[in-house]
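*Asks:* model the structure of this input:
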Amino acid sequence: MSAHNATSAATPATGLRAVSARQWRTAIAAWLGWMFDGMDMHLYTLVAAPFVAELLGGVDTTDPRVGRYGSVIQAAFLVGWALGGTVFGRLGDRLGRARALSLTILTYAVFTGLSFFAQAWWHLLIFRFLAALGIGGEWAVGASLLAETWPARWRPWLAAVLQTCGNLGVLLAGLANDLLAAAPPRSVFLVGVLPALLVFWIRRAVPEPEEWRAARATTRESAPPMRELFRGETRAITWQVLWVCALGLTAHWAFLFWHQQHLRNLPEVLAMAPAERARLASTAMYLIIGGAIAGNFLCGWLARHIGYRAAIGVAFLGYFLALGAAYAVPRDWMQLLAWFPIIGLCQGVFALFTMYLPPLFPTLLRTTGAGFCFNIGRLAAAGGTVVFGLFSPVGDHRAALLSASLLLVPAAVMALRLPARRE
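*Replies:* So this is what the prediction gives:
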């Protein structure tokens with residue numbers, strides 16, 4: 001089956017009442033998996049500076065080593081995310097979507113919890129890398145699961161809801177950070193064990209999609225080899241999507257990591273008590289995520305009216321302009337907080353990737369293709385997180401943030417050259 005004639009096996013539905021219980025269970029599994037995914041992925045960004053400082057022997061958070069080792073740990077996380085998208089993407093095509101989803105959740109829950117026990121910065125690096133394998137895999141598997149079970153007309157909103165669940169997970173991370181503000185920074189990682197409980201329900205209640213079962217039954221191979229992504233008509237799609245993901249995600253993750261470090265190292269913030277700084281970091285995250293939740297549905301609305309490609313291009317351009325406005329001149333923490341909801345609004349662009357990317361690939365290469373292309377961008381983002389940080393003087397990371405934002409311009413232009421998705 002080619003990328004252009006891959007269609008959903010889901011029964012068309014004209015209203016929510018026509019959606020089956022099976023489809024709802026599938027959606028809930030993907031949504032909860034992505035919510036806890038979002039929580040586990042952002043726990044580190046909220047406590048990176050104080051936790052890394054503790055692991056380096058209790059140095060001050062302004063010590064250059066804190067930013068250097070902290071960014072290396074984040075880079076390892078992004079590399080793990082990229083590899084996880086590929087590894088679990090293959091498992092999703094071979095073993096089935098629901099089975100692979102359970103494995104991804106179990107992986108990121110266990111290793112996020114183990115981060116609590118880190119005694120050196122490289123211990124934390126290893127645990128974050130292993131947790132990221134599951135986090136990266138969950139997106140590809142969950143997106144394909146929804147794309148194969150829900151009607152096409154609902155998919156822009158499904159994408160918005162799925163991304164919003166990830167945003168809610170980030171809010172949960174912020175809430176955990178708030179509640180544990182007076183505890184050692186490492187304590188927040190214990191919250192990351194909770195998603196493991198979801199695995200038992202998924203294995204019992206969520207069946208494999210009929211489209212995957214049918215495709216599996218018509219081929220002797222469990223799944224085409226991965227090299228098929230770079231052959232025939234699929235090759236051009238793979239390279240185009242890779243470039244857009246690499247550029248967009250590098251800029252995005254540079255912001256997610258360095259905006260917290262920049263905020264925490266502003267002179268007036270350094271004068272605050274540690275618990276007050278932790279709460280400010282959570283407040284910044286709340287504002288960004290609040291904007292992102294609205295952005296998910298705004299981008300879904302745009303996709304319905306102007307198409308996925310144009311909506312992605314417009315959102316990337318808006319993201320570039322918002323970052324430039326926020327960091328082109330020095331701003332105090334109150335001024336930055338005012339810009340964060342606008343920046344978050346533009347992050348809704350990533351909701352569109354959830355439903356747009358998987359159907360571009362053949363059914364038995366769907367989680368492999370979507371996972372590989374979306375998550376391989378994390379490798380570029382991993383390098384970018386470290387490289388852009390080298391541009392920053394101690395305590396002022398505006399140069400890193402502005403440099404990273406420039407990547408969003410070619411990402412916007414290249415998004416317009418992506419293939420049109422055919423239902």
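*Asks:* lowest-scoring secondary structure element of the protein by mean pLDDT?
*Replies:* Scoring the helices and strands of the chain by mean pLDDT, DSSP states H and E places helix 366-390 at the bottom, with a mean of 71.
*Asks:* any stretches of the stretch 101-250 of the chain with poor pLDDT?
*Replies:* 152, 219-223 (pLDDT under 70).
*Asks:* burial of the nearest residue to Pro419 once chain neighbours are set aside, as a residue count?
*Replies:* Of all residues not flanking Pro419 in the chain, Ile237 sits nearest, at 5.6 Å (CB to CB, 6 or more residues apart in numbering). Where C-beta positions appear, they are placed from N, C-alpha and C, glycine not excepted. Other residues near Ile237 number 20, with proximity taken as other CB atoms under 10 Å.
*Asks:* doesn't Phe372 make contact with Ile237?
*Replies:* No - proximity of Ile237 to Phe372 does not meet the contact threshold set by CB atoms under 8 Å, at 11.5 Å.
*Asks:* quick one: the following helix or strand past the least confident helix or strand of the chain to helix 366-390, angle?
*Replies:* Sequence order places helix 398-405 as the next helix or strand after helix 366-390, per DSSP states H and E. Here helix 398-405 runs at an angle of 150 degrees relative to helix 366-390 (axes from the mean of the first three to the mean of the last three CA atoms, to 10 degrees).
*Asks:* and helix 398-405, what does it pack against?
*Replies:* Packing contacts for helix 398-405, counted by 3 or more CB pairs under 8 Å, 6 or more residues apart in numbering; DSSP states H and E, involve helix 232-264, helix 308-327, helix 366-390.
*Asks:* right, and the helix or strand after it?
*Replies:* Heading C-terminal from helix 398-405, the first helix or strand you meet, by DSSP H and E, is helix 408-415.
*Asks:* which one of the helices and strands packed on helix 398-405 has the most crowded surroundings?
*Replies:* Highest mean neighbour count among these (mean count of other CB atoms under 10 Å): helix 366-390, with a mean of 26.
*Asks:* quick one, helices of the stretch 151-300 of the chain?
*Replies:* Counting by DSSP state H, counting those that start in this stretch, the stretch 151-300 of the chain has these helices, from start to end: 155-179, 198-205, 210-217, 232-264, 267-270, 274-306.
*Asks:* which of those helices sits closest to Arg366?
*Replies:* In this view, the helices of the stretch 151-300 of the chain are compared for proximity to Arg366 by CB to CB, and helix 210-217 is the closest at 8.3 Å.
*Asks:* mind giving me the packing neighbours of the closest one?
*Replies:* If you count contacts as 3+ CB pairs under 8 Å, 6+ apart, helix 210-217 packs onto no helix or strand.
*Asks:* give me the distance from it to the chain's centre.
*Replies:* What separates the centre of helix 210-217 from the centre of its chain is 28 Å, taken as CA atoms, centre = their mean, to the nearest Å.
*Asks:* just the buried residues of stretch 44-62, please?
*Replies:* 44-56, 61 (16 or more other CB atoms under 10 Å).
*Asks:* mind listing what the closest residue to Leu298 other than its chain neighbours touches?
*Replies:* Of all residues not flanking Leu298 in the chain, Gly348 sits nearest, at 5.7 Å (CB to CB, 6+ apart). The contact partners of Gly348, by CB atoms under 8 Å, 6 or more residues apart in numbering, come to Ala160, Gln163, Ala292, Ala294, Gly295, Asn296, Phe297, Leu298, Cys299, Gly300, Ala315.
*Asks:* residues in contact with stretch 266-282?
*Replies:* By CB under 8 Å, 6+ apart, stretch 266-282 touches 46-47, 50, 61-62, 174-175, 177-178, 181-182, 185, 260, 263-264, 332-333, 395.
*Asks:* quick revisit: who wins for proximity to Gly134 among the helices of the stretch 151-300 of the chain?
*Replies:* Shortest distance between Gly134 and the helices of the stretch 151-300 of the chain, using CB to CB, is found for helix 198-205: 10.9 Å.
*Asks:* go through the helices of the stretch 151-300 of the chain and name the closest to Ala75.
*Replies:* Nearest to Ala75 among the helices of the stretch 151-300 of the chain is helix 232-264 (9.2 Å), distances taken as CB to CB.
*Asks:* distance of Leu83 relative to Thr107?
*Replies:* The span separating Leu83 from Thr107 equals 12 Å under the rule CB to CB, to the nearest Å.
*Asks:* of the two, give the one with the bigger neighbour count.
*Replies:* Thr107 (24 against 21).
*Asks:* show me what contacts the more buried one?
*Replies:* Contacts for Thr107 (CB under 8 Å, 6+ apart) come out as Gly84, Leu130, Ala131, Leu133, Gly134, Gly137.
*Asks:* which one of these sits in the busiest neighbourhood?
*Replies:* Tallying neighbours with other CB under 10 Å puts Gly137 at the head of these, with 32 neighbours.
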